[in-house]
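K.L.:
Quick one, structure for this:
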Amino acid sequence: MASRNLPSTAAMQCFEAAARHMSFTRAADELSLTQSAVSKQVAHLESILHHKLFRRVRRSLLLTPEGAIFLSDVRKVLAQIEMSTQTIMTYSGNSEVLKVATLPSFGSRWLADKLPAFLAANPGISLEFHDRVEDFDLEQQDIDIALFYGHGSWPNLACHKLVDEEMVAVTAPSLLDNHPVETASDLAQLPLLHLSTRPDAWHHWFAGQGITTDRSYHGTRFETFPMLVRTAMAGGGVALVPHFTVDEELAAERLTLAWPHRLHSESAYYLVYPEHLGELGKVRRFVEHIIASATAASGTVGHL
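P.N.:
The predicted model follows:
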């Protein structure tokens, strides 16, 4: 590998401490160095970057715009180094890490309660979770297993269907108290809340009941379900969401069905992983556990 002119960890530590204290002297005290050593490390860093990181104003230090940008990244790098160091220091040699990516709402509302039994049965496996809202290349991002929403066909991935999806229209009970709904068409006159990745969901919900309205694409859009649901609970409108994401709120009457019609989605939730990882022990055990959990909850689970 060709050598790269990268800053040392020591230089980044000196810069971060100086930026936090806005003082080379206090940074030196924290790091058990001399003020001159800290100053030289920062100067060396500036020479590598070809930008000044600090400027002096009335005997005080101030970050330059370039320094402020660099500081944010330096803190992330140092935090990652510290976390990796602690991981290796406490590594016992008999632990495996399984990296799992999931859609945030599916992870918190469906997957999470399936995990304790898996962890109890597999004490040698540590799970590391990552949130993703869109499909991605698992191998490029070093992910072992993912939970995807779609039609169940992704190149080079083994796919197991877990859960079909039914979309329901929900809102705060107080909204219906103030605006009674007598027909499904009446919902079009209320504020409709949308998930940005499913812009035509309301159109299909109305069309499934033979209703045509020019308002099905109007309304506030959200990137993820949690904020969409919270806005509906606060009386901000009617949300069209998967039933499993609001089971608890419906049971507690924090939300209510605005109309009983359910939209059966063509897509579903799938567990996917690179085909060549299928025989890896940690992957196989997780897949078997989640499929068994899904089967127990909702019937047969398909393999694609």
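K.L.:
Kindly export stretch 135-143 (C-alpha atoms) in PDB.
P.N.:
Output of stretch 135-143 as PDB, limited to C-alpha atoms (Å, rounded to 0.1, in the frame of the first residue of the first chain):
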ATOM      1  CA  ASP A 135     -31.800  -1.200   0.300                       C
ATOM      2  CA  PHE A 136     -28.000  -1.300   0.000                       C
ATOM      3  CA  ASP A 137     -25.100  -3.600  -0.800                       C
ATOM      4  CA  LEU A 138     -24.500  -5.700   2.300                       C
ATOM      5  CA  GLU A 139     -20.900  -6.700   1.400                       C
ATOM      6  CA  GLN A 140     -19.800  -3.200   0.500                       C
ATOM      7  CA  GLN A 141     -21.000  -2.000   4.000                       C
ATOM      8  CA  ASP A 142     -19.700  -5.100   5.800                       C
ATOM      9  CA  ILE A 143     -23.200  -6.300   7.000                       C
END
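K.L.:
Check the average confidence over the helix or strand hosting residue 264, would you?
P.N.:
Element membership for residue 264 (DSSP states H and E) is strand 256-274. Rounded to a whole number, the mean pLDDT of strand 256-274 is 94.
K.L.:
Likewise for stretch 7-20?
P.N.:
95.
K.L.:
And stretch 50-67, by the same measure?
P.N.:
91.
K.L.:
end-to-end on it?
P.N.:
11 Å (Cα to Cα, to the nearest Å).
K.L.:
In the stretch 201-304 of the chain, where is pLDDT below threshold?
P.N.:
299-304 (pLDDT under 70).
K.L.:
residues in contact with residue 224?
P.N.:
104-105, 133, 195 (Cβ atoms under 8 Å, 6 or more residues apart in numbering). (Glycine included, C-beta is placed from N, CA and C.)
K.L.:
let's see 7 Å
P.N.:
Residues in contact with residue 224 (Cβ atoms under 7 Å, 6 or more residues apart in numbering) are 104-105, 133.
K.L.:
could I get the residues you listed as TSV with pLDDT and secondary structure?
P.N.:
Below are these laid out as TSV (pLDDT from 0 to 100; DSSP: H, G, I helix; E, B strand; the rest coil):
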residue	pLDDT	secondary structure
104	89	helix
105	88	helix
133	82	coil
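K.L.:
Show me which of those are buried.
P.N.:
residue 105 (16 or more other Cβ atoms under 10 Å).
K.L.:
Where do the helices of the stretch 101-250 of the chain begin and end?
P.N.:
Assigned by DSSP state H, counting those that start in this stretch, the stretch 101-250 of the chain shows helices spanning 104-106, 115-121, 173-178, 201-207, 225-233, 247-251.
K.L.:
now those helices in CSV, with distance to residue 52?
P.N.:
As requested, the helices of the stretch 101-250 of the chain are exported to CSV (distance: least, Cβ to Cβ, whole Å):
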stretch, distance to residue 52
helix 104-106, 40
helix 115-121, 49
helix 173-178, 56
helix 201-207, 51
helix 225-233, 40
helix 247-251, 53
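K.L.:
follow-up on the earlier one: can you point out the buried residues in the strand holding residue 264?
P.N.:
Result for strand 256-274 [16+ other Cβ under 10 Å]: buried residues 256, 258-259, 261, 263, 265, 268-274.
K.L.:
ok, now stretch 34-48?
P.N.:
Buried, per 16+ other Cβ under 10 Å, within stretch 34-48: 37-39, 41-42, 44-46.
K.L.:
Looking at the residues you listed, which one is closest to residue 207?
P.N.:
Closest approach to residue 207 among the buried residues of stretch 34-48 (Cβ to Cβ): residue 45, at 60.2 Å.
K.L.:
Using the three-state scheme, assign that closest one.
P.N.:
helix (DSSP: H, G, I helix; E, B strand; the rest coil).
K.L.:
Enumerate every residue touching it.
P.N.:
Residue 45 neighbours (Cβ under 7 Å, 6+ apart): 7, 11, 15, 53.
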